[in-house]
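**Q** Attaching a predicted model along with its sequence, questions to come.
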Amino acid sequence: MAKIYRNIAILTGAGISAESGLATFRSSNGLWNNHKVEDVASIEGFQHNPALVHDFYNNLKTEIQQAKPNAAHLALTKLQKEYPAEINIITQNVDTLHEKAENQNVFHIHGQINQAVCLNCGQVLEAWGDVDTETVCPHCQVMGMMKPNIVFFGENLLCMDKVEDILRKCELFISIGTSGVVYPAAGFVQLAKYYGADTVEFTLDTTANNYLFDKHIFGKAGETLPPYIEELIKNAE
Ligand code: NAD
């Protein structure tokens, strides 16, 4: 008899948004949207050249604002509506495609493209418009201290208390479109497994932490995830 899960954790990475037209983190030449990852996604890179980093995220923001959720995001919407379990989504993605697909309980551990944080007063602001080195914080009125609310290499992840709770409680851990290279997110599967969860991954290529998954489903998540979700729902009926 198929197992019924009372608690499901889903970890998503850049791969789930690939079919929405957004580039994954490291293409084969080691670049992200034609930039060196260290230049645009590290705290040292930001300190060295904040104007370049602002420019990169302002451009990415425009691209992301136009992107639409794909069949994989929508399959998660269906799962959350039709499967009788607590279902949390931990995402490494800074895009807002889970929200556009009306997914619930989404935790952005690497931040969100549509937010900026003031390094002077700590205020987080919704910012779909451009942010640059001359932007004045509307909260503390200091100029030039705004940073995209993106967690750079060298910074702590967001929502980690909640994430640890999710990983401890889940009975099924599903990873979608993440290479298992960027820690600590790459270690989440290990924690979930330690606490007894079944583990499954959806990926195009072999991942760095594949030995921690009970099941591997290769292919585009927009094609492989919907039938898997249908089956899960059918088994719970
Ligand atoms: P990654 O680029 O390292 O790995 C992508 C993974 O997705 C690979 O394993 C690949 O095989 C798989 N993949 C690619 N296309 C797929 C598809 N159509 N279906 C299923 N799997 C597919 O990405 P990562 O592990 O998420 O790296 C983490 C970092 O990337 C995070 O810090 C995140 O903030 C950042 N990032 C986010 C976005 C976004 O918000 N959309 C985009 C690029 C990078």
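**A** Great, that's in hand.
**Q** So which residues of this structure form helices?
**A** 14-18, 37-40, 43-48, 50-66, 71-82, 97-100, 160-169, 188-194, 221-236 (DSSP state H).
**Q** For those helices, give me a markdown table that also has mean neighbour count.
**A** Using the backbone N, CA and C atoms, a C-beta is placed for each residue, glycine as well. Shown next, in a markdown table, are the helices of the chain (neighbours: other Cβ atoms under 10 Å):
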| stretch | mean neighbour count |
| --- | --- |
| helix 14-18 | 24 |
| helix 37-40 | 17 |
| helix 43-48 | 15 |
| helix 50-66 | 17 |
| helix 71-82 | 20 |
| helix 97-100 | 20 |
| helix 160-169 | 16 |
| helix 188-194 | 20 |
| helix 221-236 | 17 |
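**Q** List the residues that contact the residue lying closest to I113 once chain neighbours are set aside.
**A** Counting by Cβ to Cβ, 6 or more residues apart in numbering, I113 lies nearest to V94, which is 4.6 Å off, once chain neighbours are set aside. Going by Cβ atoms under 8 Å, 6 or more residues apart in numbering, V94 touches 64, 108, 110-113, 150.
**Q** Please tell me how far V94 sits from I64.
**A** V94 sits 8 Å away from I64, going by Cβ to Cβ, to the nearest Å.
**Q** what about this structure, any weak spots by pLDDT?
**A** 1, 26-31 (pLDDT under 70).
**Q** returning to what we had before: so what sits against both of V94 and I64?
**A** I113.
**Q** Which strand runs longest in this protein?
**A** strand 111-118 (DSSP state E).
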